[in-house]
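Undergrad: Need a 3D model of the sequence below.
(chains A and B)
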Amino acid sequence: MPKSLVQVGAEIDGFIVGECVHAGGMATLWTVTHPGIDAPLLMKVPRVSEGEDPAAIVSFEMEQMILPRLAGPHVPHCFGTGDFARQAYVVIEQLPGTTLYPRLPDLPLPYEEARVLVAKIATALADLHRQNVIHHDIKPSSIMFRASGEAVLIDFGLSHHDHLPDLLQEEFRLPYGTAPYMAPERLLGVRDDPRSDLFSLGVLLYFFTTGERPFGEGETLRAMRRRLWRDPHPPCKLRPDYPPWLQEIVLRCLEIEPVRRYPTASQLAFDLTHPDKVRLTARSERLKRDPLSIAWRRRFNHEATQPRPKSDVAAQIASSPILAVALDTAEGAAELNEALRVTTERILATLPSARLACVNVLKLNRLVIDRTLDEDGSNKHIDRMVALRHWATPLKLDESRLTVHVLEAIDPAAAILEFAEMNQVDHVIIGARQSSFRRTLLGSVSSKVASEATCTVTVVRPPRMAADSEEVRADEAAG
Amino acid sequence: MRLAVFSDIHGNRQAFDACLKAARERGAERFILLGDFVGYGADPEWVVDTAMELVAHGAVAVRGNHDQAVQSSAETMNAEAQIAIEWTRGRLDAAQRRFLAELPMSIEDDGRLYVHSEASHPTRWTYVRSTTDAAKSLIATPCHVTFCGHIHRPALYSMSVTAKMTSFVPKTDVPVQLLRGRQWLAVMGSVGQPRDGDPSACFTLFETESCQIIYCRVPYDIEAAASRIRENGLPHWLADRLSQGR
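TA: Residues are numbered from 1 along each chain as shown, chains lettered A, B, ... in the order given. Alright, predicted model coming up:
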């Protein structure tokens, strides 16, 4: 290997090297500047001299391949790479502040603070998974935050990119990563399941809300393998006031079988954003771990250790979208709502892991201050929720896949668009207003949603209208 | 420089023509032909003539086992391949046969090795089916990237400095940087008889400066190529398999 060219004042491919700001086990970090790039930059240089861990080289190669392909606010922007032929480096934007690591002495955090924090990380993970990348090293020291609040994931040296060769595939006999956060399937050599990241994030959430790591700090393979059959203590055993919804989320992330975790990071972010909508199961009430008889059955159940067929990150995410159906609960909408149900049913039939958010907008008047109670004195908000649930009953969806939301807004289209954006909705299903008089007067909510949404939008009309209306064209619009 | 690499054309005029057009549209500056110009398909004359013309204009070409079988009956092949080879032999003129006979087994160029089957024993026509096969080939050459074909299924193998192997099935149109710190074996898909379940013709682009490789798929008139095979009395399975990509 050539000697490192990185020294104070050196110039490498136009980057002027400043000072060394960090010297870690795998790499050193240097501040650099570049004429024409008006942003604080960091150069990451792998340690490659004799006797260094070969993992440093392979992880660097993975970062070198993956970083330039990533985009968006949840990853550091990459400004250049150099390979081992001359000087290996990657130059990335220098993010303000520190990672979550210095927060460790503050644990456990208040529940609300941890919820908001982890919801942001889940959103960042969802964005990363959509770019076909599994991080594989989610832990406090690989998470930073932008001044604008978004979580940023750093350190992609152990990551898997579904469209690129996985250089860590056969490199090490032992799974490489951070022991306390590693998902059980990683110990079996599985590197292509994005739900491994959800497990790690579950470990982080458990740790940040209880102050304890769910599987301890053991780094031996034997200690790590326990998580293949032994479940952690339920958080409420450590903090008796632990909210049931939070325990539900944490334990779902920490399920041993990936298929029992959240199917996607977006769906986890959704639950963290709507704690009052989390469907509580037996997990939320658990007071202690599974009895040893069950744990032993898992331990000696060989099927659990059978190799699985290769999973496809993109296909898994695509089969687990968040759908939002916008419903009008007003009288006279029965026919349209039936058509919406038929369409929703068809879409759900092909997507066994999709979740459905039923949304209704309680329209506020511009001039009059609205009262929560209507003329008859019943609570409009609750009435609407009941109506939404009633609409969804024939779909026979598992409760964990269904939520209902009543939004209050002056502009229904804007409210639906905002809901879709905030909750990373993949597909909006909306009915077109039937009465052309109202439509002329109020403008079409569905056409505004269809034209402005950043996701797919299906506009539904009852079958009868399609035959006798001239303006029914382009029923399906993809935004 | 942007290279376009074609392998296992197998007398399929429609597929080769479509790939050449696609490669030119995508800015290919130099053509690499990894052998098996003939066999199976019904237009060996057109394919060999086109290859000769490309070579006359600077293309690089190496020999495949079917090209060799045209010269000598010593090559052992399955029954259908044998029928196709004997038919092909009768179709080619002396100049075309000489072109195939004079093709080198492999060519090395600026850290790149071009060979039809693999690098350890090119004349044995061994298929690269696993990381073990790939490792044998990579150990046999100091080249940074070896380009081969023969198996009709795209694959990308790498070997690290500590001789650890990785294998990968490349995604269509997703560039992969062949990092300089390790050696790579890039196995081409087939232009004229794909067998990876995707019936579209396969070729590959390689950018020599950035070391980026892109596997490309090109739809072509499969029915026309299949009809030519049937019209010429060649085994029908050779026509049927084109639309199945098997």
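Undergrad: now that we're looking at the residue in the stretch 101-250 of chain A positioned nearest to chain B, how far away is A:Glu338 from it?
TA: At 3.8 Å from chain B, A:Pro165 is the closest residue in the stretch 101-250 of chain A, using Cβ to the nearest Cβ. Any C-beta I mention is one placed from the backbone N, CA and C, and that applies to glycine too. Relative to A:Glu338, A:Pro165 is positioned 51 Å away (Cβ to Cβ, to the nearest Å).
Undergrad: Compare the two (neighbour count), which wins?
TA: Ranked by neighbour count (other Cβ atoms under 10 Å in any protein chain shown), A:Pro165 and A:Glu338 place A:Pro165 first, with 24 against 15.
Undergrad: Look through chain B and report the residue furthest from the middle.
TA: The outermost residue of chain B relative to its centre, with distances by Cα atoms, centre = their mean, is B:Thr162 at 29.5 Å.
Undergrad: and that residue, what pLDDT?
TA: You'll see B:Thr162 listed with a pLDDT of 81.
Undergrad: what does A:Asp370 give?
TA: Looking at A:Asp370, its pLDDT stands at 53.
Undergrad: With A:Asn379 instead?
TA: Per-residue confidence (pLDDT) for A:Asn379: 77.
Undergrad: How many neighbouring residues does it have?
TA: 12.
Undergrad: Assess the claim that A:Gln64 and A:Gly80 are in contact.
TA: No - using Cβ atoms under 8 Å, A:Gln64 makes no contact with A:Gly80, being 10.4 Å away.
Undergrad: where do the contact lists of the two overlap?
TA: Here A:Gln64 and A:Gly80 have A:Val90 as joint contacts, going by Cβ atoms under 8 Å, 6 or more residues apart in numbering or on different chains.
Undergrad: What are the contacting residues of the one helix or strand B:Phe147 maps to?
TA: Assigned by DSSP states H and E, B:Phe147 falls within strand B:145-148. With Cβ under 8 Å, 6+ apart as the test, strand B:145-148 has contacts from B:5, B:7, B:32, B:34, B:111-119, B:128, B:137-138, B:178, B:183-188, B:204, B:206, B:211, B:213.
Undergrad: Where does pLDDT dip in chain B?
TA: Chain B contains residues with pLDDT under 70 at B:74-75.
Undergrad: how about 80 then?
TA: In the predicted model of chain B, residues B:73-76 satisfy pLDDT under 80.
Undergrad: What residues does it have near chain A?
TA: Contact residues (Cβ under 8 Å from any Cβ of the partner chain) of chain B with chain A: B:131, B:156, B:158, B:160-162, B:164-168, B:171, B:174, B:176-177, B:179-182.
Undergrad: what about the nearest residue to B:Leu54 once chain neighbours are set aside, neighbour count?
TA: Of all residues not flanking B:Leu54 in the chain, B:Phe31 sits nearest, at 5.1 Å (Cβ to Cβ, 6 or more residues apart in numbering or on different chains). B:Phe31 is flanked by 21 other residues according to other Cβ under 10 Å.
Undergrad: so who does B:Phe31 touch?
TA: By Cβ under 8 Å, 6+ apart, the contact list for B:Phe31 reads B:Leu3, B:Ala4, B:Val5, B:Phe6, B:Leu20, B:Ala23, B:Leu54, B:Gly58, B:Ala59, B:Val60.
Undergrad: got the contact list for the closest residue to B:Gln193 other than its chain neighbours?
TA: Spatially, and ignoring its direct neighbours in sequence, B:Gln193 is nearest to B:His10 (4.9 Å; Cβ to Cβ, 6+ apart). Contacts here follow Cβ under 8 Å, 6+ apart; on that basis B:His10 touches B:Asp36, B:Phe37, B:Val38, B:Gly39, B:Tyr40, B:Gly41, B:His66, B:Ser190, B:Val191, B:Gly192, B:Gln193.
Undergrad: quick one: which of those residues has the most company?
TA: Of all these, B:Phe37 has the most neighbours under the rule other Cβ under 10 Å, reaching 34 neighbours.
Undergrad: Assign a three-state SS to that residue, would you?
TA: With DSSP: H, G, I helix; E, B strand; the rest coil as the basis, the three-state label of B:Phe37 is coil.
Undergrad: Next one: it from chain A, what distance?
TA: Remark: distance between B:Phe37 and chain A (Cβ to the nearest Cβ, to the nearest Å) = 30 Å.
Undergrad: ok, that residue touching B:Glu45?
TA: No - with contact defined as Cβ under 8 Å, B:Phe37 does not reach B:Glu45; the gap is 10.5 Å.
Undergrad: What pLDDT is listed against A:Thr220?
TA: For A:Thr220, pLDDT reads 81.
Undergrad: Same question for A:Trp296.
TA: At A:Trp296, the model reports a pLDDT of 82.
Undergrad: how near is the closest residue in space to it that isn't next to it in sequence to B:Glu53?
TA: With Cβ to Cβ, 6+ apart as the criterion, A:Trp296 has its nearest non-adjacent residue at 7.4 Å, and that residue is A:Trp229. Applying Cβ to Cβ, the value for A:Trp229 to B:Glu53 is 66 Å.
Undergrad: rewinding a little: for the residue nearest to the residue of the stretch 101-250 of chain A closest to chain B when sequence neighbours are not counted, list each beta-bridge partner.
TA: Distances taken as Cβ to Cβ, 6+ apart put B:Phe168 closest to A:Pro165, at 3.8 Å, once the chain neighbours are dropped. Counting by DSSP bridges, B:Phe168 forms beta bridges with B:Leu156.
Undergrad: Report pLDDT for the spatially most central residue of chain A.
TA: With distances taken as Cα atoms, centre = their mean, A:Ala265 lies nearest the centre of chain A, 2.6 Å away. Confidence at A:Ala265, expressed as pLDDT, is 97.
Undergrad: end to end, how far does stretch B:72-83 reach?
TA: Length of stretch B:72-83, first residue to last, Cα to Cα, to the nearest Å: 14 Å.
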